[in-house]
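*Asks:* return a 3D structure for these sequence lines:
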Amino acid sequence: MTKQHDIVPVHLVVQAMRDNGYKNAAYALAELIDNSIQAKATGVEVLCAEKETQLEQRRRSRIHQIAVLDNGSGMDSTVLRMALQFGNGTYLAEDKHTGMGRFGMGLPCSSISQCKRVEVWTWQSGVENAIYTYLDLKEIKNKQLTEVPEPQKRPIPEIWEKVTTGFGETGTLVVWSDIDRCMWKTGKTIIENSEFVIGRMYRKFLDTQEVVIRMATFDINEPTKIMVEKFAQPNDPGYLMAKTSCPDPFDKTPMFHPWPEENSYETTVTIEFRDHDHEVKIRFSYAKEEARPGKTPGNLPHGKHAGRNMGVSVVRAGRELELDESWAQKRATERWWGVEIEFPPTLDDLFGVTNNKQSARNFSELANLDIESMLRDGKTIIELKEELIQEGDPRGPLINLAYKLHKNIATMRNQIKAQMPDSRSGQKRHQGPLAEKVATEVTEERKKEGHQGQSDKDESLPLEERKEIIESKLIDRGVLPSEAEELAAKTVSDGLKYTFRKADIETAAFFSVERGGGAIMIFLNANHSAYKNLVEVLEEEVEGVDPETLRSRLTNCLEGLKLLLMAWARYEDEQPDGPRRNKAQDARVDWGRVARQFLEGEE
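*Replies:* Okay, here's the model as predicted:
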């Protein structure tokens, strides 16, 4: 009996625990499926019973009960009773943190997040020997139920036998009743919305056929009549599995390539935590060119499927915790890359795994780290890691991992950008002589005047070697290999000093400059406002556009140019008196002098 001053008033705490953060019924059901797989089940069934209900002026079929049945090892009386306790379980000891289970919260917490009554039957020597117990929130609230009832032998209701494909010699049946918090009101919608998530969570088990997950809905008054039946298909957000729920033509063949190469698709990062080394696996992938035909591939069925799978897939013990969207930018092209990170349960505390197994909070925080800024003044990633660890920052041991993710995701974005169809190619933009040709001629004049550049040293290299260096630099920035090869060959064969390409640059710079093979490569930052307000506007098609619209475009470009110059003026104004301001002014003058020579060359 609850006393007035109990530290934990059970009847109140259990009510409060209903709001324990499960995103929806699919994630709550996943806790039960976890238990089934942990119990070595090869078959799991999610069964939804509907019942006709009077709603205002009409009668509608609504969800009445939800059951999860498995053919796992079952439980004895002691373990069954423990399984319905909050915070208790058989995997709490640190040496048992090897599988999905750990927190001892899954079965009771997930159940009460959706319903007021949960019943469990389990058996280890034939279903006829099943034992039974339950939790009922109404009884707990009224203080009629203060402990998990002693399990008793009780036959399983006949209705479940009629809708299942069969009971195993061992197994468990969990039934939710008095469902009041499920956002989906029919068995059909529960299955339709859960299949996508469950297929993603358990894709590794489904892909290897370690487990089969059947989902079915039926009318409780006609249990033999199955209204909807589906078998969960793997849903791979990395799109490297062959047979998945992805729509045709990528339902039987992978939609993505491993990145960067077949033999380096999986990377292992060793993380030291609590005096032990632990391996974390990272897998990268990006879309095949044929997956992105035309200008709006995201509107195709497989593109829409990928749009629901944006982010980094965080996998623990073979089961996905979440698809972490904090690593993805708010743009449609993010659907075309995939990253999967898999870690063992021994790193739960480091990654910040929540007890409902829906997220890894510490890992999510890494997505917003500006590591490049933290590495200023020549600091190495190893030095940064040691510094953070010494300061007691929990992100310290994971900084190597975060750095690799940030760098590789940025590179994949560049590669995907290069796949995008460009309405106006580089040469179409120029009605007169190519800017690259003019700049090359002016550069030759400056060299004769005695102005030497760092890139000039490579001009003496063999032509084939120059071509390979330029090609490699372009590919690193996301240009497709076939296009990079053609562009590098043209740059060398035509004797051009410069080449332009857009890129997905992670910094605030409007453009970046790289040297190699005797060439200077300028990469315009497609994410920068200056690109969108100047370059993109000028590259838009003009055929069929009315004069007023063209005039408006030019006006916008002029305003954009003025703002760009004002930004420099403000930057210079903010420099303190002395060497820093003098350097900024000198840079403006020197650049203006070179710019005048280049522009006069075009004239």
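
*Asks:* quick one: contacts for residue 398?
*Replies:* Contacts for residue 398 (CB atoms under 8 Å, 6 or more residues apart in numbering) come out as 271, 350-351, 362-363, 366. All C-beta atoms are positioned from the backbone trio N, CA, C, and that covers glycine.

*Asks:* in PyMOL, select just the buried ones from the residues you listed.
*Replies:* To isolate the buried ones among the contacts of residue 398 in PyMOL, judged by 16 or more other CB atoms under 10 Å, type:
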select buried, resi 271+350+351+362+363+366
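
*Asks:* nearest to residue 323, of the contacts of residue 398?
*Replies:* residue 363 (12.4 Å; CB to CB).

*Asks:* helix, strand, or coil at residue 358?
*Replies:* coil (DSSP: H, G, I helix; E, B strand; the rest coil).

*Asks:* I misspoke; the intended subject was residue 75.
*Replies:* Three-state assignment for residue 75 (three-state DSSP): coil.

*Asks:* so what's it scoring on pLDDT?
*Replies:* Residue 75 is assigned 96 on the pLDDT scale.

*Asks:* which ones are touching it?
*Replies:* With CB under 8 Å, 6+ apart, residue 75 has these contacts: 39, 83, 122, 124, 172.

*Asks:* swap in residue 122?
*Replies:* With the criterion set at CB under 8 Å, 6+ apart, residue 122 makes contact with 74-75, 80, 130-131, 171-173.

*Asks:* one step back: so which of the contacts of residue 398 are in helices?
*Replies:* 350-351, 362-363 (DSSP state H).

*Asks:* as TSV, those residues with distance to residue 294 and pLDDT would be great.
*Replies:* Listed next are the ones in helices among the contacts of residue 398 as TSV, based on distance: CB to CB, whole Å; pLDDT from 0 to 100:
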residue	distance to residue 294	pLDDT
350	44	93
351	40	93
362	41	90
363	36	92
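
*Asks:* just those now: which is nearest residue 35?
*Replies:* residue 351 (21.6 Å).

*Asks:* shouldn't that closest one be in contact with residue 357?
*Replies:* No. With contacts counted by CB atoms under 8 Å, residue 351 stays clear of residue 357, the gap being 11.4 Å.

*Asks:* overlap of the contact sets of the two?
*Replies:* Here residue 351 and residue 357 share the contacting residues residue 316, scored by CB under 8 Å, 6+ apart.

*Asks:* what's downstream of the host helix or strand of residue 404, the next helix or strand?
*Replies:* Residue 404 belongs to helix 399-419 when assigned by DSSP states H and E. Using DSSP H and E, the helix or strand that directly follows helix 399-419 along the chain is helix 435-448.

*Asks:* give the buried residues for that following helix.
*Replies:* 435-440, 442-443.

*Asks:* out of those, the closest to residue 203 would be?
*Replies:* For the buried residues of helix 435-448, the closest approach to residue 203 (CB to CB) belongs to residue 436, at 47.2 Å.

*Asks:* what's the spacing between that closest one and residue 348?
*Replies:* 54 Å (CB to CB, to the nearest Å).

*Asks:* picking up where we left off before, of all the buried residues of helix 435-448, which comes closest to residue 552?
*Replies:* Nearest member of those to residue 552, counting by CB to CB, is residue 435, at 24.7 Å.

*Asks:* following the longest helix along the chain, which helix or strand shows up next?
*Replies:* The longest helix of the chain (DSSP H) is helix 547-573. With elements assigned by DSSP H and E, the helix or strand that comes after helix 547-573 is helix 579-602.

*Asks:* what does that following helix contact?
*Replies:* So helix 579-602 is in contact with 432-433, 435, 438-439, 441-442, 445-446, 568, 571-572, 575, going by CB under 8 Å, 6+ apart.

*Asks:* and the residues you listed as TSV, adding distance to residue 106 and pLDDT?
*Replies:* Listed next are the contacts of helix 579-602 as TSV, based on distance: CB to CB, whole Å; pLDDT from 0 to 100:
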residue	distance to residue 106	pLDDT
432	69	37
433	69	43
435	63	79
438	68	83
439	64	84
441	71	86
442	69	85
445	74	87
446	70	85
568	58	74
571	55	79
572	60	80
575	58	85
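
*Asks:* which SS state does residue 192 fall under?
*Replies:* Going by three-state DSSP: residue 192 is helix.

*Asks:* tell me the spacing between it and residue 492.
*Replies:* 56 Å.

*Asks:* mind checking pLDDT for residue 233?
*Replies:* 97.

*Asks:* and for residue 96?
*Replies:* On pLDDT, residue 96 comes in at 48.

*Asks:* cool, and residue 125?
*Replies:* With respect to pLDDT, residue 125 has a value of 96.

*Asks:* cool, residue 587 as well?
*Replies:* Predicted confidence (pLDDT) for residue 587: 86.

*Asks:* and it, how close does it get to residue 465?
*Replies:* Taken as CB to CB, the span from residue 587 to residue 465 is 33 Å.

*Asks:* next: residue 266.
*Replies:* 32 Å.

*Asks:* is it possible to get JSON lines of the contacts of residue 75 that adds secondary structure and distance to residue 535?
*Replies:* Compiled in JSON lines, the contacts of residue 75 are given as follows (DSSP: H, G, I helix; E, B strand; the rest coil; distance: CB to CB, whole Å):
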{"residue": "39", "secondary structure": "coil", "distance to residue 535": "59"}
{"residue": "83", "secondary structure": "helix", "distance to residue 535": "61"}
{"residue": "122", "secondary structure": "strand", "distance to residue 535": "65"}
{"residue": "124", "secondary structure": "coil", "distance to residue 535": "69"}
{"residue": "172", "secondary structure": "strand", "distance to residue 535": "61"}
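
*Asks:* pick out whichever of those residues sits closest to residue 209.
*Replies:* Using CB to CB, residue 39 comes nearest to residue 209 of the contacts of residue 75, at 17.6 Å.

*Asks:* three-state assignment of the nearest residue to that closest one once chain neighbours are set aside?
*Replies:* Nearest residue to residue 39 in three dimensions, chain neighbours excluded: residue 72, at 2.9 Å (CB to CB, 6 or more residues apart in numbering). Classification of residue 72 using three-state DSSP returns coil.
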